[in-house]
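> Quick one, fold the following:
(2 chains)
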There are 2 protein chains.
Amino acid sequence: MVDSKQVLKNLDELRALTADENGAQRVAWTPMWLKARDWFTEKLKGLPVEDRYDAAGNRWITLRGESDKSLVLGSHLDSVPNGGWLDGCLGVIAALEVLTGFAKQYNGKPPYTVRVVDWADEEGARFGRSLFGSAAFAGNHSIAADRVRTDRDGITMEAALKNCGIEIERVGDAAVEQKDSAAYLELHIEQGPILESMNKTLGVVQGTKGVERWAITFHGQEAHSGSTPMEARHDALAACAKLALEIRPIAKKHPQSVATMGSVKTFPGIVTAVVGLCETTLDMRDLDAGVLAGMLREAREASERFANEEGCTVEWSKIWSIEPIPFHPQLISFCEEAVVEVMGSSERLPSGPLHDAAEVARIGIPTVMMFVQSLNGLSHNKAEDTRREHLEQAVEAFDRLAQKTMAWIGQTG
Amino acid sequence: MVDSKQVLKNLDELRALTADENGAQRVAWTPMWLKARDWFTEKLKGLPVEDRYDAAGNRWITLRGESDKSLVLGSHLDSVPNGGWLDGCLGVIAALEVLTGFAKQYNGKPPYTVRVVDWADEEGARFGRSLFGSAAFAGNHSIAADRVRTDRDGITMEAALKNCGIEIERVGDAAVEQKDSAAYLELHIEQGPILESMNKTLGVVQGTKGVERWAITFHGQEAHSGSTPMEARHDALAACAKLALEIRPIAKKHPQSVATMGSVKTFPGIVTAVVGLCETTLDMRDLDAGVLAGMLREAREASERFANEEGCTVEWSKIWSIEPIPFHPQLISFCEEAVVEVMGSSERLPSGPLHDAAEVARIGIPTVMMFVQSLNGLSHNKAEDTRREHLEQAVEAFDRLAQKTMAWIGQTG
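Next up, the predicted model:
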């Protein structure tokens, strides 16, 4: 029986310890993050667990079972700067209470091993490399690129990691933790408005959407705003503005697609000159790889049409992409059962944001996530919030999911 | 009889002396500008003229006539960084040759005084204050604001002026030079593509367009690009993009109107966030005050409609404006006659860019400008160019305009 009130108590404690008037400040590889991890050490007192860090800085709390086959539960304690009180830490703190429940239920020795993982640097807030620890676990690390990343003060990622006891050239060794991992479960706040708009407390996550992230540059002709007639212009901003509006009908053809132009930069960018060069970014997501590829193709064709209409040219340069990662069908069913048992009904939805669970799922470890409603869809700022009774219901449903998954591990290979 | 070939020779000399591989570098209040002015001193040798600077750094070359009533001819030697070989200096160098012609024609004593003015800092390239010298002449100075302007190295405008012998608190004294000014004529390159598109060499400038220059800020809601459904967004960039496209039909209703969105800034401006705040600038120009006011009203209404459609709000903040400044009807006629005599036909057009002539005209001194064709409409960069035969024809027509105006001064008050 999980103690959901203890989860709330711990969340409140952590907030008091690691937030200031602007929100949570548990940025990975900083003293405040280490302070949060030290606080978590106290929460392990009296539990029959092993506690250690892997080569990438992920923390593993292990309750040994009759079998080495492991049920892994986790999330991340790190936050963005000026972050919320729930993003990441809810999943770690809830996981520890579920583990505690298993320890009591089985007198310290459950049939299968239970592990809580606190992934290192999910947010990538300081060095721009998100999912750092879970990617290393999944063998998906990028040591050469990460070594030279710097923060805004010019400190390299390599030096910051070393300061936390991590040797960057060894982070790939975290992959040894994959051994015996039979299932991975993660509870997280939704960070979006979908559950609230449906008046649902909890949701079953079908998987994480694929992402296509591109830099797009329109080249026109800088010209004097006073002496250049409207019909003689090659206005790079006009071509960009058309694309900013066109990505919306492209995304709206599909019920769960999103497309975002998040940044526009104009050059020379002065009040008295027609824009000669316009740099912008596009982020598109969908759970279906074919839908996502089609959206990308449509946006690209539209950009070329608009560039042509405006006497401009356009270049596309890939920033990053990831394929859609569906979660495990059986675990999705268990998650749905657990949510229905607690709430009476359930809802399936994809995750637009990426999560550590995506890295775990892509290497074939059966994985599912549960979402709890976010108020006003807000996250990554201090206004992030979820009703306290919803958090308690989430912990109860997550515990049920863990129980069902534990039983299922016994039936698998 | 003006020596138009000497004008070309002087332009070539000045280019060789003050341009590098990136173009002209005669930025006001810099050593290269002072070098250009020193070079100009040599060109005065043997002329029966007085040469002095007023309190704002404008230079006045005076050929005393029988009457103190003065025909003033001029432009500016300063350039933007990486500027062209003609912008500004053509008008000063041509004016000196016209003065030289008057000196010969009248054995050093024309019926009316002829003055060449080299206005100080027309471009405002270093401190962002254009028309500095001519504004001071017109009593339209802004000492308090100018004193604290700084260049990109943090040097104040006050210090830079002092270094050139100008005391900023005294620049208003330049207004004494208004005395006896009976007419002002300025020859300039068009800096736009209109004359070339009409296959015309020379044009008569009707006046300078009025300008409305505004900063517009759209306020939406920053949101996660992955978790926020399309229909739940308050996308400040989308509202801005609609306005960027809508200002074009608004301007195109009027044959000579222009409207330019020159700068867009997005916040937070990252690939993974819906734009919560979008700052942009609008510059609109027309020769008719009523047309300009109507365009401004239409753009403002459109921005409010778009903000509303996107669940955003919008704020307008004025950067700067100037009313349309029509040139003198009689001088426009003389200019047209002069152009027809040299070229066989003429064209009237407004000036989109501002010029020192606008400051002179707004205080009631009869003023007109003549434009010579720019190749490809380019200016403010090293590609700025005009055919050499067109420059010679421009000088000949400008001399004819000066002769007609000299005769007319005798008939006025």
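> any idea what sits nearest residue A:112, other than its immediate chain neighbours?
The shortest distance from residue A:112 to any residue other than its chain neighbours is 4.4 Å, reached at residue A:65 (CB to CB, 6 or more residues apart in numbering or on different chains). Where you see a C-beta, it was placed from the backbone N, CA and C, and this is true even at glycine.
> What helix or strand is the one you found located in?
Taking DSSP states H and E as the definition, residue A:65 sits outside all helices and strands.
> what's near enough to touch it?
Contact analysis of residue A:65 by CB atoms under 8 Å, 6 or more residues apart in numbering or on different chains lists A:106, A:109-114.
> how does it look with 10 Å?
A:71, A:102, A:106, A:108-115, A:406, A:409 (CB atoms under 10 Å, 6 or more residues apart in numbering or on different chains).
> Pick out the residue of the stretch 1-150 of chain A closest to chain B.
residue A:130 (9.2 Å; CB to the nearest CB).
> A strand includes residue A:255, no?
No: counting by DSSP: H, G, I helix; E, B strand; the rest coil, residue A:255 is not part of a strand but coil.
> How about stretch A:73-90 and chain B, any contact?
No: Stretch A:73-90 lies apart from chain B when judged by CB under 10 Å from any CB of the partner chain; the minimum separation is 10.5 Å.
> Ok, stretch A:198-218 next?
Yes: contact of stretch A:198-218 with chain B (CB under 10 Å from any CB) involves A:208-209, A:211, A:213-215.
> Enumerate the positions of that stretch that are buried.
Of the residues in stretch A:198-218, A:200-214, A:216-218 count as buried by neighbour count, 16 or more other CB atoms under 10 Å in any protein chain shown.
> Take the residues of stretch A:198-218 next to chain B and write them to CSV, including pLDDT.
Compiled in CSV, these are given as follows (pLDDT from 0 to 100):
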residue, pLDDT
A:208, 95
A:209, 96
A:211, 94
A:213, 94
A:214, 95
A:215, 95
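> quick one: which two of those residues are the most distant?
Spatially, the most separated pair among the residues of stretch A:198-218 next to chain B is A:208 and A:215, at 22.3 Å (CB to CB).
> Which secondary structure elements does the helix of greatest length in chain A sit against?
When chain A is parsed with DSSP state H, its longest helix is helix A:388-411. Counting contacts by 3 or more CB pairs under 10 Å, 6 or more residues apart in numbering or on different chains; DSSP states H and E, helix A:388-411 is packed against helix A:4-18, strand A:67-75, helix A:89-105, strand A:112-118, strand A:181-189, strand A:202-208, helix A:329-343, strand A:367-372.
> Nearest to chain B: which residue in the stretch 301-413 of chain A?
Of all residues in the stretch 301-413 of chain A, residue A:352 sits closest to chain B, at 3.0 Å by CB to the nearest CB.
> Surely that residue is in contact with residue B:230?
No: with contact defined as CB atoms under 10 Å, residue A:352 does not reach residue B:230; the gap is 11.0 Å.
> what's the angle between the longest helix of chain A and helix A:329-343?
Helix A:388-411 runs at 140 degrees relative to helix A:329-343, counting by axes from the mean of the first three to the mean of the last three CA atoms, to 10 degrees.
> tell me the angle helix A:388-411 makes with strand A:202-208.
On the basis of the same axes, to 10 degrees, helix A:388-411 is oriented at 60 degrees to strand A:202-208.
> and helix A:388-411, what's its mean pLDDT?
Mean per-residue pLDDT for helix A:388-411: 97.
> Same check on stretch A:362-380?
pLDDT averaged over stretch A:362-380 gives 95.
> What of stretch A:144-156?
Taken as a whole, stretch A:144-156 has a mean pLDDT of 91.
> Run through who's touching it.
For stretch A:144-156, the external contacting residues (CB under 10 Å, 6+ apart) are A:27, A:29-30, A:124-129, A:132, A:135-136, A:142, A:157-163, A:168-169, A:171.
> Can you point out the buried residues in it?
So for stretch A:144-156, counting by 16+ other CB under 10 Å, buried means A:146, A:149, A:151, A:156.
> With stretch A:130-144 instead?
In terms of neighbour count (16+ other CB under 10 Å), stretch A:130-144 has its buried residues at A:130-138, A:141.
> quick one: terminal-to-terminal distance for that stretch?
15 Å (CA to CA, to the nearest Å).
> And for stretch A:228-246?
One end of stretch A:228-246 sits 27 Å from the other (CA to CA).
> Enumerate the residues of the stretch 301-413 of chain A near chain B.
So far as CB under 10 Å from any CB goes, the stretch 301-413 of chain A lies against chain B at A:319-320, A:349-354, A:371, A:374, A:376-381.
> hang on, the earlier thing: so how far is the longest helix of chain A off the chain centroid?
Relative to the mean C-alpha coordinate of its chain, helix A:388-411 is positioned 21 Å out (CA atoms, centre = their mean, to the nearest Å).
> Could you do stretch A:127-144 as well?
For stretch A:127-144 - counting by CA atoms, centre = their mean - the centre lies 13 Å from the chain centre.
> try stretch A:309-326
That offset, for stretch A:309-326, works out to 22 Å (CA atoms, centre = their mean).
> Could I get the average pLDDT for it?
What stretch A:309-326 shows for mean pLDDT is 95.
> distance between the ends of it?
Length of stretch A:309-326, first residue to last, CA to CA: 40 Å.
> Equivalent analysis for stretch A:163-179, please.
Start-to-end span of stretch A:163-179 (CA to CA) is 28 Å.
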